[in-house]
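Undergrad: Got a predicted structure plus its sequence, pasted below:
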Amino acid sequence: MTSQLQAALKNALRTGVILFVFAAIGTAMLAFTHDNTEPTITRGQLAEKRALLGQVLPATLYDNDLLASPQSVPPDDLLGTRQASTLWIARRGREFSGVVLEAIAPDGYSGNIYLLIGIDADGTVTGVRVTAHRETPGLGDYIDRAKSAWIDQFAGKSLTNPDPRHWKVAKDGGTFDSRAGATITPRAVVKAVHSALDYFAQHRAAFAAPPKKETAP
Amino acid sequence: MMTMNEFRSLFHNGLIKQNTGLVQLLGLCPLLAISNNVINALSLGLATTLVMAASSGAVSGVRNFVPNEIRIPVFVLIIAVLVTVIDLSMNAFVHPLYLVLGIFIPLITTNCIVLARADAFAAKNRPLQSVVDAIAMGFGLTLVLLVLGAIRELAGKGTLFSGIDLVFGEAAKGWVLHVLPNYHGFLLAILPPGAFIALGLLIAANNGYKARAARHARAAVPVAA
């Protein structure tokens, strides 16, 4: 009886040790790969983010490192955000020249549409990009720049151009194109860009305030 | 080493007799999700083949050290480590390719065919055979994915190879075939239900073909006898 128990214990111990060895080797391989790839991956992600910001706010508008100055903004109905979002302030010299906002269009056809909106110091939209969405493929997904140039029509628009009555999709009597069969999606995006402009108008003074100096202790 | 016959039977198994998509019906989640156009289907198929070849080779290499009781956890561990290593390395070193295949690599973890081949074949065979078996199975899956992708893209959008510019750069935009000009699209084919319907039709066609072949074989027997 005891020898049986001993054999079983020995077997359990043996399999346990083998499993442990495999787990240790696997962990070591993962740690090694992670260590060797992490710097390159982080660099790539930063470059991508920079390129994306460059698409909504032309690089000629600013000379500061946009990514170096992200600011956290509390949730705001005008941005459609339920959680803190990020904005990037652009400056040329010391002067405020524009801002990139994260906004959410909550009333798309299926779920939130995440937007990145560039606005210059005059309150004119410089560019909009959809960063994530779940709209119907082949139908509502033309808001994605990879699928069509639809989103480009926001560039140059502001709160007064077109006037508020025409800040709508064409089907509702506004100036923004939309495609037959998929109006809910562009309607949500148009509305979200318009409220982001409202948000900008309310907070422009704060954006334009000179950057906080490092106060000497 | 392996003989030509062995090689041939492994490929016959992978492509036709035990085809993962049509016969074994394994790994249907990524199969159904990613087959909405030809390019996506091809990318997922090749990525899965790569991971399967690597994991089958690794599993076969250590098969004699793994006690039977813990083989499944060890195989899962090996596959998970390999997928993560491939994912991280591709992200860091072949970034353009990663942008295309990247979203598919984690999906491969949900593909039970990788584990199924590790347990059913690689655990009992030598590394070379295991790698060939994995590649054959992978090609079988890729084939089904391609057909499914072509059917869905053609029915849904009237094109073939849309999105090819994501793989070969902007210049490839002109390679997209507009098979049915001025086609208004058939959304159902692109949405998930279209995947189920198209796969069902494919399986039915395959079964029908096999049933007919069997009938012919039966009918031929008395003549031969």
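TA: Perfect, I can see it now.

Undergrad: need the contact list for the nearest residue to B:K124 once chain neighbours are set aside.
TA: Leaving aside its sequence neighbours, B:K124 sits nearest to B:R63 (Cβ to Cβ, 6 or more residues apart in numbering or on different chains; 7.3 Å). All C-beta spots, glycine's among them, are computed from the backbone N, C-alpha and C. Residues near B:R63 by Cβ atoms under 8 Å, 6 or more residues apart in numbering or on different chains: B:122-124.

Undergrad: quick one: pLDDT of B:R63?
TA: As predicted, B:R63 sits at a pLDDT of 89.

Undergrad: measure it to chain A for me?
TA: Here the criterion is Cβ to the nearest Cβ, to the nearest Å. By it, B:R63 lies 12 Å from chain A.

Undergrad: Check B:N40 too.
TA: Counting by Cβ to the nearest Cβ, the gap from B:N40 to chain A is 11 Å.

Undergrad: Without its sequence neighbours, what residue ends up closest to that residue?
TA: Nearest to B:N40 is B:I34, by Cβ to Cβ, 6+ apart, at 5.0 Å.

Undergrad: For chain B, which residues are neighbours of chain A?
TA: Counting by Cβ under 8 Å from any Cβ of the partner chain, chain B comes close to chain A at B:36, B:62, B:65-67, B:69-70, B:73-74, B:77-78, B:80-81, B:84-85, B:88-89, B:91-93, B:95, B:156-157, B:185, B:187, B:190-191.

Undergrad: Quick one: buried ones out of those?
TA: Neighbour-count burial (16 or more other Cβ atoms under 10 Å in any protein chain shown) is assigned, among those, to B:36, B:62, B:66, B:74, B:77-78, B:81, B:84-85, B:88-89, B:91-92, B:95, B:156-157, B:185, B:187, B:190-191.

Undergrad: Give me the subset of these that lies in helices.
TA: Counting by DSSP state H, these place B:62, B:74, B:77-78, B:81, B:84-85, B:88-89, B:91-92, B:95, B:156-157, B:187, B:190 in helices.

Undergrad: picking that back up, tell me the one of the contacts of B:R63 nearest chain A?
TA: For these, the minimum distance to chain A (Cβ to the nearest Cβ) is 13.9 Å, reached by B:A123.

Undergrad: Of the ones in helices among the buried ones among the residues of chain B next to chain A, which pair is most distant in space?
TA: Distance extremes for these: the farthest pair is B:V62 and B:L187 at 47.6 Å, using Cβ to Cβ.

Undergrad: Give me the buried stretch members for stretch B:31-51, please.
TA: B:31-32, B:34-51.

Undergrad: ok, now stretch A:85-98?
TA: In stretch A:85-98, the ones that count as buried by 16+ other Cβ under 10 Å are A:85, A:87-91, A:96-98.
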